[in-house]
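Chemist: Got a predicted structure here, sequence first:
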Amino acid sequence: MIPTIGHTAVLIGLALTVYAAVAFVLGARGGDQRLVGSARRAVIGSFVAAALGCAAMVISLLTHDFSVLYVARNNATTTPPFISAISLWAALEGSILFWALLATGWASLVLWRQRNRHRQLMPWVGATLATVNAFFFAVMTWPGNPFARTTPVATEGLGPNALLQNHPFMALHPPLLYLGYTGLAVPFAFGVAALVTKRLDEEWLRIVRRWTLVPWTFLSLGIVAGAWWSYEVLGWGGYWAWDPVENAALLPWLTATAFVHSAIVAERRNGLRIWTSALVIATFVLTLVGTFLTRSGVVASVHSFTQSAIGPWFLVAIVAALGGALTLLVWRLPELTGGGRPSSTISRESAFLLNNVLFLGVTFAVLFGTLLPLLVAATSGETISVGAPWYNTVTVPMFVALLFLMGIGPALPWGAASWRTVRDRFAVPVAAGAVVAVVAFGIGLREPGSLGILALAVIVAGVMVDEVVRGARARARGRGEDPATATWRLATRNRRRYGGYTVHLGVLVMAIAIAVSSGLSTDRTVTLRPGESAEVGAYTVTHDRLVVAPLPDDARVIETAAEVRYDGPQSGTLRTALRDYPNSQAAIATPAVRTSLGEDLYVTLLASDADSGAVTLHVFINPFVVWIWIGGAIVGMGAVFAAWPERRLRTATASEPMPVPATPSVESA
Amino acid sequence: MRTLRWLLIPAIVLPLGWLLLTGFGRDPREIATPLIGREAPAWTYATLDGETLSSADLTGRPYVLNFWASWCIPACVEEHPVLADAAERLGDRVAFVGVLYQDSPTDAEAFLARYGDAGYPHLVDAAALAVDYGVTGPPETWFVDAEGVVRARKWGPLTDATMREYLAAIGVSG
Amino acid sequence: MRGWIALVGVALLAALVAVVLLRPQPEASTAERARQVASGLRCPDCQGLSVADSPTAAAQEIRRQVDEMVAAGATEQEIRDHFVARYGEWILLSPSTPAWWLIPFVVLLVGAGGLGWWLLRGRSDRSPDANATPLPDAERRRLHDEAEALDA
């Protein structure tokens, strides 16, 4: 009964999005606002349908309805309710259902909020979004039906993927990530609409600003949450392995970030039309490519699914989206050229453009690295690996250059800069950076890469602080406000800039944290019998006892846990375990992490001997790791601040359009 | 000149589409092996029964080396009857040798008791042999001909058809 | 004053760079060399980890062999070749062909060069835009800022 409702909801969603796509196009071409209105309502209806479908799936999971194949594969009678509920996005078909929910949600939101404005653009925005969502409903109708039945109905299911049950972050990471992915279809839709309607001036960029920043925030937080989850769960002591699934999330983030920056220049000067259009297209296509890579089974990843019929569908979608958007771009190319030329001097503008080149450089590198094994296998039959060392060697210099630009960019004027200005702005920060780097070298940080990033980060922070202080001081002096009020008032009246500063500050914190944690981290593998201790860095680690028992809330899982006492900058006890799930071959490590502001004590259980009670532990001391997550939170806060609506000036709405003079008689500012 | 820019579209879309398409039908975890056509590594290991077996004992005979584990479910369970059947029918013409991959003798014996023991020896503590053959995970089956040259490898579970095909490659028909 | 501070800062950085780059590297111990080699080899039954970072039995066996070979005096290249002969190129965590390492930098340089060319071309090639409204730049910026305030 419930699965049938769910399946029907999917079919209704398909019908509504197809109708909406057609109605939007017809309404746009004929200027028929009623048709457009009905199409908009159909999109909202598709959101309701997706919600119904998700509800049906969650109920099926909670009630352990094994007549549904997805439930039989990802759920068991012993699965706790919380895990059952989040198993909605545990595997392929359910995650597409969840995706459809969020995608139709974004579409409904943007169409509803803009329903009385931009009447030329919105129907085409709606048509694009409806087509994209129709694709996902179609995938759920044919190759990837989440409500497919299975007979005979088993009495017990396979249970969720072991990795899913190990950490509550599995509830947070996919939703954040998907909100980002699905939301980035909105700027794409605006770009397509602008191309179709030839309304290619900076209007669409202004509208799309917030609709890009919000999904960008979710995507950023989702990526950081993924790294954090991977660090806490996977047990190898690291947080980023350049696995294809990680790259799949990073690629659209890179082009979206490039877009956010180039949009600032493009808006100011009504230029860069080809470039900004290409960037939104690339961002959306990369979300499809990323989804394809992780769901088609074409590349090996932590996240791989076996090859299914869904792969070819996504491939067709990628080709159609990329081909269609490019055709639109080339078709409108005559309209796109022109617009102001940037100055070629050293200025904030050229810094922005160089920023874009670097972001695209990193994007190419990551895409190249991810696809290279595929390319080599296709052309020569050889199998090669592209691992973390390659990615680090190739991308770190580019990131360092970006860090440098992040520092000097805001300090440069929009027009040409003189050397004297540069020297004055940078003198103190450079000195501060040098001092910090020397001190770090003194306390033991020897890795040249880490030292460089640390020095650079301090320099950039210094320049930024200088910017903020300078602005606040000017305002305080002019209005007689105290510094704090001045800074706050200045920030809230320039949300974009100060939000941007905060985001950059967060990035700096993350850069310093990454540099220090990779340069100063130590680890040791020790084998201890009960009662024995070992020294690792500043800590003394003592093994108390080995406990083997089933989990309290899922009796099918046997946990082998080492209880350990530790002493040092932090003291206490911890429990690190290996969990044996019935549907997994290898035991899953549950590392124990003790976090402080200074460093993380990270302990993984490698092996144990039940007879002697001895354990082999891999102990890491990872300094500053928590600052990566704090930095990520700062980035999120900065983006929220930037996207927050500013106080609206009261506007008079005329009932008729006012006649506009042929030549504007505006006085020069 | 204007038509040239339209060529940009297939120039970008087609190579990307082709590249992603080539991925289908191939399992990305199956790596190409450099051992085909080369001399098979020599080895000497203890077996599950407590005897010692070495590759020298098999000179002049083609042999099948099957890496497996009791925890390798369902793949090793799937291919077990295929191996057992072939060993029974052709055991006089070709030698079958199992190799435990990261498994304990107790678990392995339980597996054989449950799914049937075809009577051919299984090597234990053969981690170095797995490295010599470049094994990435069970099941992997290697086919060595009578001259001691590696002729074929099956990555993943064997089927009757692939067993026949690879046996033919080492000169054993049927 | 600023000038002096800037000079001191740059001098300090230069000194640090010199020290870091020119320090005589201490002779790496056998254990460190073994770890160095191991970190370039891929763990056969993991996802993208090196044998140095991986706890699996296969990784341990490879590390054991690496330790043996390093102790016997083999060079890093010889050890890598030893494993490539068994697993193929795949066992190397990163590709050995230099071309794959250079291509991303080449692409970046081409992109940066393209940007430079485009910017410099603009200087001499300021053709009037037929589609643009005849608004002076300052006007356009002011209108933009006002529109921003309304639409924020």
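Modeler: Cool, the structure landed.
Chemist: got the contact list for residue A:362?
Modeler: By C-beta atoms under 8 Å, 6 or more residues apart in numbering or on different chains, residue A:362 lies in contact with A:254, A:395, A:398, A:399, A:402. Quick note: C-beta positions are derived from backbone N, CA and C, even for glycine.
Chemist: All the helices of chain C, residue numbers only.
Modeler: Secondary structure of chain C (DSSP state H): helices at C:2-22, C:30-38, C:57-71, C:76-87, C:98-124, C:137-151.
Chemist: which bits of chain B sit near chain A?
Modeler: Counting by C-beta under 8 Å from any C-beta of the partner chain, chain B comes close to chain A at B:5-6, B:8-9, B:12-13, B:16-17, B:19-32, B:71-73.
Chemist: Need the nearest residue in space to residue B:166, chain neighbours excluded.
Modeler: residue B:152 (4.3 Å; C-beta to C-beta, 6 or more residues apart in numbering or on different chains).
Chemist: burial measure for that neighbour, as a count.
Modeler: Look at residue B:152: counted by other C-beta atoms under 10 Å in any protein chain shown, it has 19 neighbours.
Chemist: in its sheet, what does the helix or strand it falls within sit against?
Modeler: Assigned by DSSP states H and E, residue B:152 belongs to strand B:150-155. In the sheet, strand B:150-155 lines up against strand B:140-144 (antiparallel) (DSSP bridges).
Chemist: Which of the contacts of residue A:362 fall in helices?
Modeler: Mapping the contacts of residue A:362 onto helices (DSSP H) picks out A:254, A:395, A:398, A:399, A:402.
Chemist: need the contact list for the first one.
Modeler: Which is residue A:254. A:359, A:360, A:362, A:363, A:366.
Chemist: Low-confidence stretches in chain C?
Modeler: Applying pLDDT under 70 to chain C flags the ranges C:122-152.
Chemist: Kindly report the residues of it close to chain B.
Modeler: Listed as neighbours of chain B in chain C under the rule C-beta under 8 Å from any C-beta: C:44-45, C:56-58, C:60-62, C:65, C:83-88, C:90-91.
Chemist: that older thread, which residues does the helix or strand that the strand holding residue B:152 is followed by contact?
Modeler: Beyond strand B:150-155 on the C-terminal side, the first helix or strand identified by DSSP H and E is helix B:160-169. Helix B:160-169 is contacted from outside by B:64, B:82-83, B:85-86, B:90, B:94, B:141, B:143, B:145, B:151-152, B:154, B:173-174, using C-beta under 8 Å, 6+ apart.
Chemist: Give me the mean pLDDT for helix B:160-169.
Modeler: If you average the pLDDT over helix B:160-169, you get 92.
Chemist: Residues contacting the worst-scoring helix or strand of chain B on mean pLDDT, please?
Modeler: The least trusted helix or strand in chain B, going by mean pLDDT, DSSP states H and E, turns out to be helix B:2-22, with a mean of 89. Contact with helix B:2-22 is made by A:289, A:292, A:296, A:298, A:315, A:318-319, A:322-323, A:326-327, A:330, A:333, A:371, A:374-375, A:377-378, as judged by C-beta under 8 Å, 6+ apart.
Chemist: and what of stretch A:448-455?
Modeler: Contacts for stretch A:448-455 (C-beta under 8 Å, 6+ apart): A:396, A:400, A:403, A:433-434, A:436-437, A:440-441, A:445, A:511-512, A:514-516, A:518-520, C:13, C:16, C:20-21.
Chemist: Just the buried subset of those residues, please.
Modeler: With burial judged by 16 or more other C-beta atoms under 10 Å in any protein chain shown, the buried subset of those is A:396, A:400, A:403, A:433-434, A:436-437, A:440-441, A:445, A:511-512, A:514-516, A:518-520, C:13, C:16.
Chemist: average pLDDT for the strand holding residue B:152?
Modeler: In this model, strand B:150-155 has a mean pLDDT of 94.
Chemist: Show me which residues of chain A are close to chain B?
Modeler: A:289, A:292, A:296-300, A:304, A:307, A:311-312, A:315, A:318-319, A:322-323, A:326-327, A:330, A:333, A:371, A:373-375, A:377-378, A:381-383, A:585.
Chemist: follow-up on the earlier one: relative to residue A:199, which of the contacts of helix B:160-169 is nearest.
Modeler: Proximity of the contacts of helix B:160-169 to residue A:199 (C-beta to C-beta) peaks at residue B:154, which lies at 59.9 Å.
Chemist: Give me the nearest residue to that closest one, chain neighbours excluded.
Modeler: Ranked by C-beta to C-beta, 6+ apart and with sequence neighbours excluded, the top spatial neighbour of residue B:154 is residue B:141, at 4.4 Å.
Chemist: so what's that neighbour up against?
Modeler: Applying C-beta under 8 Å, 6+ apart to residue B:141 gives the contacts B:64, B:65, B:66, B:67, B:79, B:83, B:153, B:154, B:158, B:166.
Chemist: ok, back up a step: off-centre distance for the strand holding residue B:152?
Modeler: Relative to its chain's centre, strand B:150-155 lies at 6 Å (C-alpha atoms, centre = their mean, to the nearest Å).
Chemist: My guess is residue A:430 contacts residue C:11. True?
Modeler: No - if you go by C-beta atoms under 8 Å, residue A:430 and residue C:11 don't touch, sitting 10.2 Å apart.
Chemist: okay, these two: which has more neighbours?
Modeler: Shown here are residue A:430 and residue C:11; by other C-beta under 10 Å, residue A:430 has more neighbours (24 against 12).
Chemist: all helices for the stretch 351-500 of chain A, in order.
Modeler: Applying DSSP state H, counting those that start in this stretch to the stretch 351-500 of chain A gives helices spanning A:388-408, A:419-443, A:448-479, A:483-493, A:495-519.
Chemist: which stretches of the chain have low pLDDT?
Modeler: I'll assume chain A. A:304-307, A:338-344, A:417, A:582-586, A:647-669.
Chemist: my bad, chain B
Modeler: Within chain B, the segments meeting pLDDT under 70 span B:1, B:174.
Chemist: Grab the most central residue of it for me.
Modeler: Note on chain B: the residue nearest the mean C-alpha position is residue B:141, at 1.9 Å, using C-alpha atoms, centre = their mean.
Chemist: so who does the closest residue to residue A:597 other than its chain neighbours touch?
Modeler: The shortest distance from residue A:597 to any non-neighbouring residue, by C-beta to C-beta, 6+ apart, is to residue A:626 (6.1 Å). The neighbourhood of residue A:626, defined by C-beta under 8 Å, 6+ apart, consists of A:513, A:595, A:596, A:597, A:600.
Chemist: and which of those is nearest chain C?
Modeler: residue A:600 (16.5 Å; C-beta to the nearest C-beta).
Chemist: and the helix or strand containing that closest one, what does it pack onto?
Modeler: Using DSSP H and E, residue A:600 falls within strand A:599-608. Using 3 or more C-beta pairs under 8 Å, 6 or more residues apart in numbering or on different chains; DSSP states H and E as the contact test, the elements touching strand A:599-608 are strand A:539-551, strand A:554-567, strand A:572-580, strand A:588-590, strand A:592-595, strand A:615-623, helix A:625-643.
Chemist: so what's the backbone phi/psi at residue A:91?
Modeler: Phi and psi for residue A:91, reported as degrees, to the nearest 10, are phi -140, psi 180.
Chemist: Can you give me the neighbour number for it?
Modeler: The number of residues packed near residue A:91 is 17, by other C-beta under 10 Å.
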